[in-house]
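Engineer: okay, sequence plus prediction incoming.
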Amino acid sequence: MSFAWFYIFSVEILPDQVSKMTSKEIRQVSRKKRNALSEEDRAWKNLCIMKNLRSLSILKCYSSFLCFYPIGSEVNILPFYEELLSNGKALYFPKTDLLKHELSFIRIRDFSEFEAGTMNIPEPTGDDIWDPACKTLSFTPGLAFDWAGHRIGYGGGFYDRFFTAHKEILRMALAYELQIEKEIPAEAWDQPMDYIISDKKIRKTLKGDFRHE
């Protein structure tokens, strides 16, 4: 067993060890830490993340939002999505095409407009596809992030391919603070986040600053 894998099954990981781990190992670690949160802790952290989102004036500049439906121990901001809907914002949720290996985003107008989709993840039932011409902000899931905006997702590369094709979208990661490291490995094709919103902080990332100069 490697030194890094030993730490996957421990409670804490030192920051200097994270930079020596592979993306696969970091996924295992971050998922384990996130899953270890109690329902009460997770609910409180979700409230803190939504509070931080409400404080962001930049959200008022956008009318279209790409969202994700939370599964398992993911950040859950469904009440905040409801607020956006009631304020007339257009919300789009992903549908996954495993054959084409791509995401498409479909508008919802009510949270009854979902059905079990790929890997049993709720997906929208409509056909109102997101228009890239709209000024858009993406709330983006992931397993681990770092201060520079790098993201480790679930390993399929769906969001990296989507953001490569749509570089104009403002990318806002949602994560619990325990998912954020000082530095994680990044590949040439990885697409960085502009903001990371956690239960503790609002971060405008180094990569985000550079990308939007």
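Structural biologist: Noted; the coordinates are in hand. All values reported here derive from a predicted model rather than from experimental measurement.
Engineer: okay, the spatially most central residue of the chain and A133: tell me how far apart.
Structural biologist: For the chain, P141 is the residue whose C-alpha lies nearest the centre (C-alpha atoms, centre = their mean; 1.7 Å). Distance check for P141 against A133: by C-beta to C-beta, to the nearest Å, it reads 25 Å. No exception for glycine: its C-beta is placed from N, CA and C like everyone else's.
Engineer: mind naming the longest helix for the protein?
Structural biologist: helix 39-54 (DSSP state H).
Engineer: from the contact counts, what lies against that helix?
Structural biologist: Contact here means 3 or more C-beta pairs under 8 Å, 6 or more residues apart in numbering; DSSP states H and E; on that basis helix 39-54 packs against helix 78-86, strand 195-197.
Engineer: so which of those gets nearest Q179?
Structural biologist: Each of these was scored for nearness to Q179 using C-beta to C-beta, and the closest is strand 195-197 (9.1 Å).
Engineer: what's whichever helix or strand comes after that closest one packed up against?
Structural biologist: Using DSSP states H and E, the helix or strand that directly follows strand 195-197 along the chain is strand 202-204. In terms of contact count using 3+ C-beta pairs under 8 Å, 6+ apart, strand 202-204 is assigned the packing partners strand 195-197.
Engineer: who touches the strand it packs on?
Structural biologist: Contact partners of strand 195-197, identified using C-beta atoms under 8 Å, 6 or more residues apart in numbering, comprise 49, 52-53, 56, 145, 149, 170-175, 180, 202-205, 208.
Engineer: how about 7 Å then?
Structural biologist: Applying C-beta atoms under 7 Å, 6 or more residues apart in numbering, the set of residues contacting strand 195-197 from outside is 49, 52-53, 145, 149, 172-175, 180, 202-205, 208.
Engineer: what about that strand, distance to the chain center?
Structural biologist: Averaged C-alpha coordinates place strand 195-197 at 9 Å from its chain's average position (C-alpha atoms, centre = their mean, to the nearest Å).
Engineer: report the mean confidence score over that strand.
Structural biologist: Strand 195-197 shows a mean pLDDT of 97.
Engineer: so what strands line up beside it?
Structural biologist: Sheet pairing for strand 195-197, assigned by DSSP bridges, gives strand 170-174 (parallel), strand 202-204 (antiparallel).
Engineer: what residues does the last one touch?
Structural biologist: Okay, so that is strand 202-204. Applying C-beta under 7 Å, 6+ apart, the external contacts of strand 202-204 come out as N52, L56, W147, D194, Y195, I196.
Engineer: any idea of the mean pLDDT in the longest helix of the chain?
Structural biologist: The predicted confidence, averaged over helix 39-54, sits at 98.
Engineer: what comes up buried for that helix?
Structural biologist: Applying a neighbour-count criterion of 16 or more other C-beta atoms under 10 Å, the buried positions in helix 39-54 are R42, K45, N46, C48, I49, M50, N52, L53.
Engineer: great, nothing more from me.
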